[in-house]
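Peer 1: the following block contains a protein sequence and its predicted model.
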Amino acid sequence: MAPRPADRTAPALPGGLGRWFAETGERTYTRTRRIALDALEGWHTDARTGDLVHDRGAFFTVRGLAVSAPDGPVPHWAQPILDQPETGILGLLVKDFGGRPHVLVQAKPEPGNAGGLQLAPTVQATRSNFTRAHGGRPVPYLRHFRNPPPRRLIADVRQSEQGAWFYRKRNRNMIVRTTEDVEVLPGHRWMTLPQVHALLAAGDVVNMDARSVLACLPPPPGPTGRALHSGPEILRWLTDVRSRTGLRTRPVPLRGLPGWHRTEYAVSHDGGRFFDIVAVEVRAGGREVRRWTQPMLRPRGTGVIAFLLTRVDGVPHVLVHAAAEPGGVDEAELTATVCCTPENYDVLPPGARPHFLDEVLNAPPERVLFDALLSEEGGRFHHALNRYLIVAVDGPGTYEATGDHRWVTPRQLGALLRHSHYVTVQARTLLTCLRSLAGPDGRPE
């Protein structure tokens with residue numbers, strides 16, 4: 001398995017890219033230290049509920065959530081969750097140079113990143129950021145994503161974020177093409193898609209928001225053979241899963257949350273599992289604000305997120321899981337074949353263990369097409385690392401027997417990404433990783 005988050009350092013990058021990263025890191029950085037929850041500035045603990053709330057009602061709130069899942073291995077539980085009702089902008093600017101499309105990325109540090117700088121989209125900003133609730137500098141390049149001409153839009157869709165940690169969180173994923181001269185500000189760089197894709201397997205370099213937006217690009221050319229299930233069949237199946245999902249949630253006070261306790265430095269699970277809510281002080285260079293404090297969610301353990309992949313009549317298919325998360329908007333979305341933190345299941349009966357987890361973990365090396373440790377969003381999560389894998393299997397077999405799994409083509413996933421509420425952020429990352437493996441004919445090599 002991957003190393004523990006505390007052991008991670010920024011990966012070494014080759015040539016000019018490495019020099020650019022190093023130079024950018026000298027002036028653009030975040031330095032984070034843990035502080036007591038009561039030492040948060042600009043935040044307070046609500047006297048009635050115990051929720052952690054921003055003084056001006058901006059950014060997000062840490063509150064409690066009661067969950068009922070009568071058909072699951074744990075029928076009832078309670079947990080903290082991040083409630084951020086505003087919709088941010090994740091925007092990628094595209095321009096052709098010499099007939100080749102390039103994307104404008106930025107080297108951006110976030111307080112929760114395990115390894116410092118990461119490649120981020122052109123714009124990565126919450127509504128509180130771009131309305132300058134923090135009182136800092138304006139967000140560069142934002143004008144390209146505020147009411148762009150329709151002919152310039154390649155993608156524009158609200159997509160979900162981690163429904164286990166966020167309550168009904170959505171961000172607007174945008175890709176906009178430009179032909180005008182664009183000033184390349186310090187910390188920004190034009191790169192081709194193959195250059196960005198090559199960094200996915202190099203380590204924790206391409207951040208979650210960039211991976212999400214890249215997944216919204218139109219599918220690349222590839223095999224056009226018949227899919228195992230048609231698009232309407234997939235939609236009917238997902239509608240059926242959503243209609244019988246019994247997951248129900250309701251917000252509750254953070255104070256007195258069953259199974260959780262608050263100490264000076266964290267809100268933690270009584271069994272030491274899942275995650276902690278912690279507080280940090282951040283000192284930053286090259287950011288809109290030079291110093292701030294905030295709560296963060298710090299996971300315990302490293303997650304495993306994987307696609308099983310096979311070919312049906314030469315056409316690649318990935319096995320998706322229709323699963324509901326407590327913070328989701330529409331019952332269930334299509335996520336990875338496996339999406340879990342294995343340690344969280346150690347205290348449950350063997351039958352509760354996620355389907356296909358052991359097949360992924362025990363896959364022989366020649367079956368593992370992709371394997372990298374990647375961060376989740378570093379603005380709200382502290383050292384949230386998951387091991388992303390793509391594992392080849394022989395034929396569709398009986399993998400759909402669980403009822404909540406189906407084989408779909410990457411092209412079908414790409415078509416669903418033109419709409420909201422269908423594909424989770426974890427599956428979007430894996431789709432981008434899968435595209436990074438594509439050969440000249442568009443097939444995973």
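Peer 2: Looks like it arrived, so ask away.

Peer 1: helix/strand/coil for Arg428?
Peer 2: helix (DSSP: H, G, I helix; E, B strand; the rest coil).

Peer 1: show the contacting residues for it.
Peer 2: If a contact means CB atoms under 8 Å, 6 or more residues apart in numbering, then Arg428 has 159, 211-212, 215-216, 417 as its contacts. Yep, even glycine has a C-beta here, placed from its N, CA and C like the rest.

Peer 1: likewise Leu247?
Peer 2: Neighbour list for Leu247: 67-69, 72, 324, 326, 331 [criterion: CB under 8 Å, 6+ apart].

Peer 1: gap between the closest residue to Asn386 other than its chain neighbours and Phe381?
Peer 2: Distance criterion CB to CB, 6 or more residues apart in numbering; nearest residue to Asn386, sequence neighbours excluded, is Gly303 at 3.8 Å. To Phe381, Gly303 is 11 Å away according to CB to CB, to the nearest Å.

Peer 1: Thr310: which of the contacts of Arg428 is nearest?
Peer 2: Taking CB to CB as the measure, Thr310 lies nearest Ala215 of these, at 20.4 Å.

Peer 1: list phi and psi for that closest one.
Peer 2: Its backbone dihedrals place Ala215 at phi -70, psi -20, with angles given as degrees, to the nearest 10.

Peer 1: wait, doesn't it sit right on Leu434?
Peer 2: No: judged on CB atoms under 8 Å, Ala215 makes no contact with Leu434 at a distance of 9.5 Å.

Peer 1: of those two, which one has the most company?
Peer 2: Remark: of Ala215 and Leu434, Ala215 carries more neighbours, 25 against 21, as counted by other CB atoms under 10 Å.

Peer 1: got the contact list for the more buried one?
Peer 2: With contacts defined as CB under 8 Å, 6+ apart, the neighbours of Ala215 are 414, 417, 423, 428-429, 431-432, 435.

Peer 1: go on, Gly286?
Peer 2: The contact partners of Gly286, taken as CB under 8 Å, 6+ apart, are 24, 27-29, 109, 186-187.

Peer 1: which of those fall within helices?
Peer 2: Among the contacts of Gly286, the ones falling in helices (DSSP state H) are 24, 27.

Peer 1: list buried residues within the contacts of Gly286.
Peer 2: Neighbour counting with 16 or more other CB atoms under 10 Å marks 24, 28, 109, 187 as buried within the contacts of Gly286.

Peer 1: can you list those residues in CSV and add pLDDT?
Peer 2: Converted to CSV, these look like this (pLDDT from 0 to 100):
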residue, pLDDT
Thr24, 92
Thr28, 92
Pro109, 93
Gly187, 94
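
Peer 1: nearest to Gly91, of the residues you listed?
Peer 2: Gly91 has its nearest neighbour among the buried ones among the contacts of Gly286 in Gly187, at 15.7 Å by CB to CB.

Peer 1: all the strands of the stretch 1-150 of the chain, residue numbers only.
Peer 2: Here the stretch 1-150 of the chain has its strands, by DSSP state E, counting those that start in this stretch, at 29-35, 43-45, 52-54, 61-68, 76-83, 88-97, 100-109, 117-120, 123-125.

Peer 1: now render those strands as a markdown table, adding distance to Pro350.
Peer 2: Putting the strands of the stretch 1-150 of the chain into a markdown table (distance: least, CB to CB, whole Å) gives the following:
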| stretch | distance to Pro350 |
| --- | --- |
| strand 29-35 | 36 |
| strand 43-45 | 40 |
| strand 52-54 | 37 |
| strand 61-68 | 23 |
| strand 76-83 | 19 |
| strand 88-97 | 39 |
| strand 100-109 | 42 |
| strand 117-120 | 37 |
| strand 123-125 | 41 |
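
Peer 1: looking at these, which is closest to Gln195?
Peer 2: Using CB to CB as the criterion, the shortest distance between Gln195 and the strands of the stretch 1-150 of the chain is 8.7 Å, found for strand 100-109.

Peer 1: on that earlier part again, of the contacts of Ala215, which is the nearest to Val139?
Peer 2: Lowest distance from Val139 to the contacts of Ala215 (CB to CB) belongs to Arg428, with 22.7 Å.

Peer 1: show me where pLDDT drops low in this structure?
Peer 2: 1-12, 128-136, 223, 439-445 (pLDDT under 70).

Peer 1: again, only using 80
Peer 2: Scanning the chain for pLDDT under 80 picks out the ranges 1-12, 14, 127-137, 220-224, 330, 438-445.

Peer 1: for it, just list every one of the helices.
Peer 2: Assigned helices in the chain, in chain order: 15-27, 127-130, 193-200, 208-215, 231-244, 357-361, 410-416, 425-436 (criterion: DSSP H).

Peer 1: please identify the most buried of these.
Peer 2: The highest mean neighbour count among those belongs to helix 208-215 (a mean of 27), with neighbours defined as mean count of other CB atoms under 10 Å.

Peer 1: before we move on, back to that, can you put the contacts of Ala215 in CSV and add distance to Glu377?
Peer 2: Supplementary listing: the contacts of Ala215 in CSV, determined by distance: CB to CB, whole Å:
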residue, distance to Glu377
Gly414, 22
Leu417, 18
Val423, 17
Arg428, 12
Thr429, 11
Leu431, 17
Thr432, 15
Arg435, 21
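
Peer 1: show me how far stretch 208-216 is from its chain's centre.
Peer 2: The offset between the C-alpha centroid of stretch 208-216 and the centroid of the whole chain comes to 8 Å, using CA atoms, centre = their mean, to the nearest Å.

Peer 1: same check, this time on stretch 220-229
Peer 2: Between the mean C-alpha location of stretch 220-229 and the chain-wide mean there is a distance of 26 Å, by CA atoms, centre = their mean.

Peer 1: quick check: end-to-end length of that stretch?
Peer 2: 20 Å (CA to CA, to the nearest Å).

Peer 1: please apply the same query to stretch 72-86.
Peer 2: Using CA to CA, the end-to-end distance of stretch 72-86 comes to 30 Å.
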